[in-house]
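> here are the coordinates; sequence isn't available:
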């Protein structure tokens, strides 16, 4: 293997408070302390150095949905938000439900992405689980379980069979749990009622009851404290459920339409009270065009862009001394890597040398400063801290709004690794 250029990161403040120099070689941290000879260096004095984030829930679109987002724009948006590895969800057009579809998605990302990536398999009654695992699917889902007439959802019997087969493979099932009521979907308040917290809790309980095979579960985008309390396995919460509510988004504004819905301000604050119970913050980056979101509420699609603003919003909270920097690292980098079985980025020898370097002071978010093709954000005007430089494997992938496309590495799941 050809040795990658070495990088010396000087004056890095470690989570312990110690200031040290990190030497990077062959894509990993090779030395901590007084530096050997290196090819290049970065002075990190005055910067917060974080292990780069893993966003384990994004929808990068592409193909027939390229007007919303594609791998180039979505991955640039990720990098500019301090995310160096994204996990793409399988509800693409067409869905990622066969090995050829997975291989085509991997090729598209390798050709166009500016960051690292993994790709999940869909879960349907027809999914060839073993073949998808061997083809390199990172995980299975997000799996839509909605006890209702919701057309995309998997039924109880099929979900049990899926859990049985995923468990036998040693895989991870990621779950989108909702209960969807009949009726017109007229505004954010009604959307909150149609996809209620009580229904979300019932759906979570039903999934846990179905899971007699004891499959490893990850519950996606839980939207209330009650849902977090009802869940088992690992728990994911989004920035939009942490930072947005029915009270701070106009009631008829489709830009706040998302599944599961935005909840009340009271519910939003209760999620923050369970910050220590949350395993993962993931964006559920789901961009739609301005034109689509500008339609009347019932016709407007659900989804919010967020991969670029996820970590910066949390660092705004760190700057305000509301949460700790270490907890942000845990929930955006180390915990997702552990859950997925990916080597972690970090400060120990042998860790992946993926880092994001942040200034100390927050700025106000503006859609004009972001890189997603959709061109809008629901977090306009909120405080956030964006990275100045992002490093993948010891090489600059992003620096002051300039991108370098040398880092589109695919992270396959464990099935791919073990059969080759």
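In hand now; what should we look at? Given the structure is predicted, the values throughout are model-derived calculations rather than measurements.

> Correct me if wrong, but residue 176 is in a helix.
No - checked against DSSP: H, G, I helix; E, B strand; the rest coil, residue 176 lies outside a helix; its state is strand.

> what's the spacing between it and residue 333?
Using CB to CB, to the nearest Å, one obtains 23 Å as the distance from residue 176 to residue 333. In short, each C-beta sits where N, CA and C put it, glycine included.

> what's next to the helix or strand hosting residue 166, contact-wise?
When secondary structure is defined using DSSP states H and E, the element that contains residue 166 is helix 156-169. When contacts are defined by CB atoms under 8 Å, 6 or more residues apart in numbering, helix 156-169 is touched by residues 123-125, 127, 129-130, 133, 140, 143, 145, 154, 172-173, 206-207, 210-216, 415.

> Just the buried residues of these.
A residue is treated as buried here by neighbour count (16 or more other CB atoms under 10 Å); on that basis the buried members of these are 123, 127, 129, 133, 140, 143, 145, 154, 172-173, 206-207, 210-211, 215-216, 415.

> Filter these down to the ones in strands?
Counting by DSSP state E, the part of these found in strands is 140, 143, 145, 172-173, 216.

> Residue 65: which of these is nearest?
Proximity of these to residue 65 was ranked by CB to CB; the top entry is residue 143 with 20.6 Å.

> residues contacting the closest residue to that closest one other than its chain neighbours?
Of all residues beyond its chain neighbours, the one nearest residue 143 is residue 123 (4.1 Å), with distances taken as CB to CB, 6 or more residues apart in numbering. With contact taken as CB under 8 Å, 6+ apart, residue 123 is in contact with 140-141, 143, 154, 159, 162, 173.

> CSV for these, including distance to residue 338 and pLDDT?
What follows is the contacts of residue 123, written out as CSV (distance: CB to CB, whole Å; pLDDT from 0 to 100):
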residue, distance to residue 338, pLDDT
140, 18, 98
141, 18, 96
143, 21, 95
154, 27, 93
159, 25, 97
162, 23, 98
173, 17, 98
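
> Would you format the residues you listed as a markdown table with distance to residue 380 included?
Putting these into a markdown table (distance: CB to CB, whole Å) gives the following:
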| residue | distance to residue 380 |
| --- | --- |
| 140 | 35 |
| 141 | 31 |
| 143 | 32 |
| 154 | 36 |
| 159 | 38 |
| 162 | 39 |
| 173 | 35 |
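
> Residue 55: which of those residues is nearest?
When the contacts of residue 123 are ranked by distance to residue 55 (CB to CB), residue 141 comes first, at 15.5 Å.

> Residue 49 versus that closest one, what's the distance?
According to CB to CB, residue 141 stands 33 Å off from residue 49.

> Of the two, which one has the most company?
residue 141 (27 against 21; other CB atoms under 10 Å).

> Next, the contact list for that one, please.
With contacts taken as CB under 8 Å, 6+ apart, residue 141 has the following neighbours: 89-90, 120-123, 173-176, 218, 220.

> Rounded mean pLDDT for stretch 267-276, please.
Model confidence over stretch 267-276 averages 98 on the pLDDT scale.

> Can you give me the buried ones in that stretch?
For stretch 267-276, a neighbour-count test (16+ other CB under 10 Å) marks 267-268, 271, 275 as buried.

> chain center to it: distance?
On the basis of CA atoms, centre = their mean, to the nearest Å, stretch 267-276 is displaced by 19 Å from the centre of the chain it belongs to.

> Any chance you could list what contacts that stretch?
Contact partners of stretch 267-276, identified using CB under 8 Å, 6+ apart, comprise 197, 223-225, 228-229, 237, 241-245, 278, 323, 327.

> What would I type in ChimeraX if I wanted to highlight the buried members of these and nothing else?
With 16+ other CB under 10 Å as the burial test, the buried ones among the contacts of stretch 267-276 are selected in ChimeraX as follows:
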select :197,223,224,225,228,237,241,242,243,244,245,278,323,327
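
> out of the contacts of stretch 267-276, which are inside strands?
Among these, the members found in strands (DSSP E) are residue 237.

> Test my guess that residue 309 contacts residue 384.
Yes - Residue 309 lies in contact with residue 384 (CB atoms under 8 Å); the separation is 6.1 Å.

> Looking at these two, which is more packed in?
Using other CB under 10 Å as the criterion, residue 309 and residue 384 rank with residue 309 on top: 30 against 25.

> any low-confidence regions in the protein?
Low-confidence segments of the chain (pLDDT under 70): 1-5, 37, 148-151, 417-420.

> what's near enough to touch the most centrally placed residue in it?
A centroid search over the chain (CA atoms, centre = their mean) returns residue 55, at 2.7 Å, as the residue closest to the centre. Applying CB under 8 Å, 6+ apart to residue 55 gives the contacts 78, 83, 85-87, 282-283, 285, 307, 310, 332, 336.
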